[in-house]
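S.K.: Show me the folded form of this:
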Amino acid sequence: MNHTLIDSHCHLQWNKFDLDRDEVIECAVESGVSAILTLATDLRTSYSVVELAEKYEIVFAAIGIHPTDAKNARPADLDEILKLTAHPKVVAIGETGMDFYWEKESTEAQEYYFREQLRLAAETDLPVVIHNREAGAATLKILNTLPVGTVRGVFHCFAEDAEFAKKVLNLGFYISFTGNITYKKSGLPEISQAVPLDRLLLETDSPFLAPVPKRGKRNEPAFVRFIAEKHAEIRGVDVSKIADVTTANANSLFRFAR
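M.R.: The predicted structure follows:
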(Lines give C-alpha, C1' and ligand atoms only; values in the text may rest on other atoms or scores of the structure.)
Protein backbone atom coordinates (compact mmCIF):
# COMPACT_ATOMS: atom_id res chain seq x y z
CA MET A 1 0.00 0.00 0.00
CA ASN A 2 1.40 3.37 -1.04
CA HIS A 3 -0.81 5.41 1.30
CA THR A 4 -0.16 5.68 5.02
CA LEU A 5 -2.46 4.25 7.66
CA ILE A 6 -2.95 4.97 11.35
CA ASP A 7 -3.80 2.32 13.92
CA SER A 8 -5.79 4.43 16.36
CA HIS A 9 -6.17 1.77 19.04
CA CYS A 10 -3.96 -1.06 20.24
CA HIS A 11 -2.28 -2.35 23.39
CA LEU A 12 1.41 -2.78 22.62
CA GLN A 13 2.20 -3.05 26.33
CA TRP A 14 0.57 -6.47 26.55
CA ASN A 15 2.93 -9.36 27.25
CA LYS A 16 1.93 -11.03 23.99
CA PHE A 17 4.33 -8.56 22.35
CA ASP A 18 7.20 -9.00 24.79
CA LEU A 19 9.23 -11.35 22.60
CA ASP A 20 9.00 -9.46 19.31
CA ARG A 21 7.79 -5.91 19.94
CA ASP A 22 10.58 -4.39 17.83
CA GLU A 23 9.67 -6.63 14.91
CA VAL A 24 5.97 -5.81 15.29
CA ILE A 25 6.73 -2.10 15.03
CA GLU A 26 9.04 -2.67 12.06
CA CYS A 27 6.39 -4.73 10.28
CA ALA A 28 3.84 -1.99 10.86
CA VAL A 29 6.14 0.59 9.31
CA GLU A 30 6.79 -1.67 6.32
CA SER A 31 3.01 -2.05 5.92
CA GLY A 32 2.54 1.71 5.65
CA VAL A 33 1.52 2.51 9.21
CA SER A 34 2.64 6.04 10.09
CA ALA A 35 1.33 6.25 13.67
CA ILE A 36 0.16 3.85 16.36
CA LEU A 37 -1.84 4.80 19.43
CA THR A 38 -1.31 2.39 22.32
CA LEU A 39 -3.73 2.65 25.19
CA ALA A 40 -3.45 2.09 28.91
CA THR A 41 -5.98 0.33 31.13
CA ASP A 42 -4.82 1.56 34.56
CA LEU A 43 -2.13 3.68 36.21
CA ARG A 44 0.59 1.03 35.86
CA THR A 45 0.01 0.60 32.15
CA SER A 46 -0.27 4.37 31.74
CA TYR A 47 3.40 4.51 32.67
CA SER A 48 4.09 1.57 30.34
CA VAL A 49 2.52 3.12 27.26
CA VAL A 50 4.40 6.37 27.83
CA GLU A 51 7.64 4.40 27.96
CA LEU A 52 6.77 2.72 24.67
CA ALA A 53 5.96 6.07 23.09
CA GLU A 54 9.35 7.34 24.19
CA LYS A 55 11.09 4.32 22.66
CA TYR A 56 9.35 4.19 19.27
CA GLU A 57 8.97 7.23 17.05
CA ILE A 58 5.64 6.18 15.51
CA VAL A 59 4.04 5.17 18.83
CA PHE A 60 1.87 7.57 20.84
CA ALA A 61 0.16 7.04 24.18
CA ALA A 62 -3.31 7.28 25.65
CA ILE A 63 -3.46 7.10 29.43
CA GLY A 64 -6.34 6.26 31.72
CA ILE A 65 -8.42 3.72 33.62
CA HIS A 66 -10.41 1.06 31.77
CA PRO A 67 -13.92 0.37 33.12
CA THR A 68 -13.02 -3.21 34.00
CA ASP A 69 -10.15 -1.86 36.11
CA ALA A 70 -12.21 0.84 37.82
CA LYS A 71 -12.95 -1.33 40.87
CA ASN A 72 -9.22 -1.52 41.65
CA ALA A 73 -8.37 2.13 40.96
CA ARG A 74 -7.81 4.86 43.53
CA PRO A 75 -8.77 8.52 43.22
CA ALA A 76 -5.07 9.36 43.64
CA ASP A 77 -4.41 7.52 40.37
CA LEU A 78 -6.16 10.36 38.57
CA ASP A 79 -3.64 12.84 39.96
CA GLU A 80 -0.79 10.79 38.52
CA ILE A 81 -2.56 10.47 35.19
CA LEU A 82 -3.03 14.23 35.10
CA LYS A 83 0.73 14.66 35.59
CA LEU A 84 1.43 12.29 32.71
CA THR A 85 -0.71 14.36 30.34
CA ALA A 86 2.15 16.86 30.19
CA HIS A 87 4.25 14.34 28.25
CA PRO A 88 4.48 15.43 24.59
CA LYS A 89 3.58 11.96 23.28
CA VAL A 90 0.45 11.60 25.38
CA VAL A 91 -2.34 12.44 22.94
CA ALA A 92 -5.50 11.08 24.58
CA ILE A 93 -7.27 9.97 27.75
CA GLY A 94 -8.33 6.34 27.74
CA GLU A 95 -9.38 3.98 27.37
CA THR A 96 -12.29 4.77 29.63
CA GLY A 97 -16.04 4.24 29.55
CA MET A 98 -18.58 1.69 30.77
CA ASP A 99 -18.67 -2.12 30.54
CA PHE A 100 -21.68 -4.08 31.78
CA TYR A 101 -20.61 -7.28 30.01
CA TRP A 102 -17.58 -8.09 32.15
CA GLU A 103 -18.33 -5.86 35.12
CA LYS A 104 -21.94 -5.74 36.31
CA GLU A 105 -21.06 -5.23 39.97
CA SER A 106 -18.77 -2.19 39.67
CA THR A 107 -21.08 0.25 37.92
CA GLU A 108 -20.65 2.93 40.58
CA ALA A 109 -16.86 2.85 40.32
CA GLN A 110 -17.05 2.76 36.53
CA GLU A 111 -19.24 5.84 36.43
CA TYR A 112 -17.02 7.72 38.87
CA TYR A 113 -13.82 7.13 36.89
CA PHE A 114 -15.53 7.71 33.56
CA ARG A 115 -16.85 11.08 34.71
CA GLU A 116 -13.50 12.02 36.21
CA GLN A 117 -11.62 11.11 33.04
CA LEU A 118 -14.06 13.13 30.98
CA ARG A 119 -13.24 16.01 33.31
CA LEU A 120 -9.51 15.43 32.79
CA ALA A 121 -9.99 15.32 29.03
CA ALA A 122 -11.81 18.64 29.08
CA GLU A 123 -9.25 20.18 31.43
CA THR A 124 -6.28 19.12 29.31
CA ASP A 125 -7.97 19.52 25.91
CA LEU A 126 -7.18 15.91 25.06
CA PRO A 127 -9.59 13.61 23.24
CA VAL A 128 -11.12 10.68 25.08
CA VAL A 129 -11.19 7.09 23.83
CA ILE A 130 -14.44 5.46 24.91
CA HIS A 131 -15.01 1.78 25.62
CA ASN A 132 -18.68 0.81 25.63
CA ARG A 133 -19.78 -2.77 25.99
CA GLU A 134 -23.44 -3.50 26.66
CA ALA A 135 -23.62 -0.16 28.47
CA GLY A 136 -24.75 2.13 25.68
CA ALA A 137 -27.61 3.82 27.50
CA ALA A 138 -25.51 4.50 30.59
CA THR A 139 -22.60 5.78 28.51
CA LEU A 140 -24.78 8.19 26.54
CA LYS A 141 -26.56 9.35 29.69
CA ILE A 142 -23.25 10.48 31.16
CA LEU A 143 -22.09 12.15 27.95
CA ASN A 144 -25.41 13.94 27.59
CA THR A 145 -24.84 15.70 30.91
CA LEU A 146 -21.97 17.59 29.26
CA PRO A 147 -22.47 20.54 26.92
CA VAL A 148 -21.79 19.44 23.33
CA GLY A 149 -18.18 20.19 22.51
CA THR A 150 -16.93 19.84 26.10
CA VAL A 151 -15.05 16.70 25.12
CA ARG A 152 -14.07 15.21 21.78
CA GLY A 153 -13.09 11.67 21.07
CA VAL A 154 -13.91 8.30 19.59
CA PHE A 155 -16.12 5.31 20.38
CA HIS A 156 -13.73 2.44 19.75
CA CYS A 157 -14.60 -1.16 18.82
CA PHE A 158 -18.07 -0.03 17.87
CA ALA A 159 -20.70 -2.76 18.19
CA GLU A 160 -23.99 -0.91 18.65
CA ASP A 161 -26.68 -0.36 16.01
CA ALA A 162 -26.98 2.38 13.39
CA GLU A 163 -29.36 4.44 15.52
CA PHE A 164 -26.85 4.48 18.36
CA ALA A 165 -24.15 5.48 15.88
CA LYS A 166 -26.22 8.50 14.89
CA LYS A 167 -26.48 9.57 18.54
CA VAL A 168 -22.72 9.26 18.94
CA LEU A 169 -22.12 11.26 15.77
CA ASN A 170 -24.53 13.96 16.93
CA LEU A 171 -22.38 14.37 20.04
CA GLY A 172 -19.41 15.06 17.76
CA PHE A 173 -17.55 11.80 18.27
CA TYR A 174 -15.67 9.67 15.78
CA ILE A 175 -16.36 5.94 15.47
CA SER A 176 -13.97 3.06 14.81
CA PHE A 177 -14.42 -0.64 14.11
CA THR A 178 -11.91 -3.38 14.86
CA GLY A 179 -11.10 -6.52 12.89
CA ASN A 180 -14.53 -7.91 13.74
CA ILE A 181 -15.95 -5.83 10.89
CA THR A 182 -14.40 -8.49 8.63
CA TYR A 183 -16.28 -11.35 10.33
CA LYS A 184 -19.15 -12.77 8.25
CA LYS A 185 -21.86 -12.74 10.91
CA SER A 186 -20.92 -9.50 12.67
CA GLY A 187 -23.52 -7.30 10.99
CA LEU A 188 -21.03 -4.46 11.29
CA PRO A 189 -20.54 -3.68 7.57
CA GLU A 190 -24.15 -2.51 7.36
CA ILE A 191 -23.85 -0.47 10.56
CA SER A 192 -20.60 1.12 9.40
CA GLN A 193 -22.40 2.66 6.45
CA ALA A 194 -24.20 4.94 8.91
CA VAL A 195 -20.83 6.53 9.71
CA PRO A 196 -19.69 9.27 7.31
CA LEU A 197 -16.18 8.68 6.06
CA ASP A 198 -15.00 11.93 7.63
CA ARG A 199 -15.95 10.55 11.07
CA LEU A 200 -14.33 7.13 10.70
CA LEU A 201 -11.09 5.90 12.27
CA LEU A 202 -9.20 2.65 11.76
CA GLU A 203 -8.05 0.46 14.65
CA THR A 204 -6.82 -3.05 15.34
CA ASP A 205 -7.32 -3.31 19.12
CA SER A 206 -4.23 -5.51 19.03
CA PRO A 207 -3.52 -8.09 20.29
CA PHE A 208 -7.25 -8.87 20.11
CA LEU A 209 -9.79 -9.33 17.29
CA ALA A 210 -7.47 -10.04 14.38
CA PRO A 211 -9.18 -9.40 11.03
CA VAL A 212 -9.76 -11.93 8.28
CA PRO A 213 -7.44 -13.37 6.88
CA LYS A 214 -5.51 -13.36 10.18
CA ARG A 215 -8.45 -14.30 12.40
CA GLY A 216 -7.39 -16.61 15.23
CA LYS A 217 -3.85 -15.24 15.28
CA ARG A 218 -2.39 -12.55 17.50
CA ASN A 219 -3.47 -9.22 16.09
CA GLU A 220 -0.92 -6.47 15.44
CA PRO A 221 -0.87 -2.93 14.00
CA ALA A 222 0.27 -4.05 10.53
CA PHE A 223 -3.07 -5.81 10.11
CA VAL A 224 -4.89 -2.48 10.05
CA ARG A 225 -4.54 -2.65 6.28
CA PHE A 226 -7.05 -5.52 6.15
CA ILE A 227 -9.56 -3.39 8.03
CA ALA A 228 -8.96 -0.52 5.60
CA GLU A 229 -9.53 -2.89 2.69
CA LYS A 230 -12.82 -4.06 4.21
CA HIS A 231 -14.06 -0.49 4.60
CA ALA A 232 -13.12 0.16 0.97
CA GLU A 233 -15.09 -2.90 -0.11
CA ILE A 234 -18.13 -1.86 1.96
CA ARG A 235 -18.15 1.67 0.57
CA GLY A 236 -17.19 0.83 -2.98
CA VAL A 237 -14.16 3.11 -3.01
CA ASP A 238 -10.45 2.61 -3.52
CA VAL A 239 -8.53 1.69 -0.38
CA SER A 240 -6.36 4.78 -0.92
CA LYS A 241 -9.45 6.89 -0.21
CA ILE A 242 -10.03 5.09 3.09
CA ALA A 243 -6.36 5.46 3.99
CA ASP A 244 -6.16 9.16 3.20
CA VAL A 245 -9.38 10.20 4.93
CA THR A 246 -8.99 8.08 8.06
CA THR A 247 -5.38 9.21 8.45
CA ALA A 248 -6.50 12.83 8.21
CA ASN A 249 -9.27 12.11 10.72
CA ALA A 250 -6.88 10.55 13.22
CA ASN A 251 -4.39 13.38 12.85
CA SER A 252 -7.18 15.89 13.38
CA LEU A 253 -8.45 14.18 16.53
CA PHE A 254 -5.19 13.16 18.18
CA ARG A 255 -2.91 15.90 16.84
CA PHE A 256 0.03 13.55 16.41
CA ALA A 257 2.10 16.32 14.83
CA ARG A 258 1.58 18.84 17.62
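S.K.: what's the first-to-last distance across stretch 206-220?
M.R.: End-to-end span of stretch 206-220 (Cα to Cα, to the nearest Å): 5 Å.
S.K.: Got the phi and psi for the closest residue to Ala250 other than its chain neighbours?
M.R.: With sequence-adjacent residues excluded and distances taken as Cβ to Cβ, 6 or more residues apart in numbering, Ala250 is closest to Ile6, at 4.1 Å. For every residue, glycine as well, the C-beta is placed using N, CA and C. In terms of degrees, to the nearest 10, the main-chain angles of Ile6 are phi -130, psi 130.
S.K.: what about Ile6, distance to Arg225?
M.R.: Look at Ile6 and Arg225: by Cβ to Cβ, to the nearest Å, they are 11 Å apart.
S.K.: now Pro189
M.R.: From Pro189 across to Arg225, the span is 17 Å (Cβ to Cβ).
S.K.: In terms of packing, which of these two has more residues around it?
M.R.: More neighbours surround Arg225 than the other of Pro189 and Arg225, with 23 against 17 (other Cβ atoms under 10 Å).
S.K.: Quick check: buried residues in the helix or strand containing that one?
M.R.: Secondary structure assignment for Arg225, by DSSP states H and E: helix 224-235. Within helix 224-235, the residues that count as buried by 16 or more other Cβ atoms under 10 Å are Val224, Arg225, Phe226, Ile227, Ala228, Glu229, Lys230, His231, Ala232, Ile234, Arg235.
S.K.: go on, stretch 234-251?
M.R.: Within stretch 234-251, the residues that count as buried by 16+ other Cβ under 10 Å are Ile234, Arg235, Val239, Ile242, Ala243, Val245, Thr246, Thr247, Asn249, Ala250.
S.K.: and if you look at stretch 130-147?
M.R.: Ile130, His131, Asn132, Arg133, Ala135, Gly136, Ala138, Thr139, Leu140, Ile142, Leu143.
S.K.: just checking, which of the residues you listed belong to helices?
M.R.: Among the buried residues of stretch 130-147, DSSP state H puts Gly136, Ala138, Thr139, Leu140, Ile142, Leu143 in helices.
S.K.: Surely the third one and Val128 touch.
M.R.: No: between Thr139 and Val128 there is no contact, the gap being 11.4 Å when judged by Cβ atoms under 8 Å.
S.K.: what residues are shared contacts of the two?
M.R.: In terms of Cβ atoms under 8 Å, 6 or more residues apart in numbering, Thr139 and Val128 are not both contacted by any residue.
S.K.: can you pull out the helices in the protein?
M.R.: For the chain, helices defined by DSSP H occupy the ranges 21-30, 43-55, 75-84, 107-124, 136-143, 162-170, 188-192, 224-235, 239-254.
S.K.: burial count for Glu30?
M.R.: 9.
S.K.: Tell me how far Val50 lies from Ala92.
M.R.: From Val50 across to Ala92, the span is 12 Å (Cβ to Cβ).
S.K.: just to revisit the earlier point, which one of the buried residues of stretch 130-147 sits closest to Glu105?
M.R.: Nearest to Glu105, judged by Cβ to Cβ, of the buried residues of stretch 130-147 is Ala135 at 13.2 Å.
S.K.: how far away is that closest one from Leu143?
M.R.: Relative to Leu143, Ala135 is positioned 12 Å away (Cβ to Cβ).
S.K.: same question, Asp125
M.R.: 17 Å.
S.K.: Give me the phi and psi for Glu57.
M.R.: Residue torsions, per degrees, to the nearest 10, at Glu57 are phi -60, psi -40.
S.K.: wait, what's in contact with the residue nearest to His231 when sequence neighbours are not counted?
M.R.: Closest residue to His231 apart from its sequence neighbours, by Cβ to Cβ, 6+ apart: Ile242 at 4.8 Å. For Ile242, the contact set (Cβ under 8 Å, 6+ apart) comprises Leu197, Leu202, Ala228, Glu229, His231, Ala232, Arg235.
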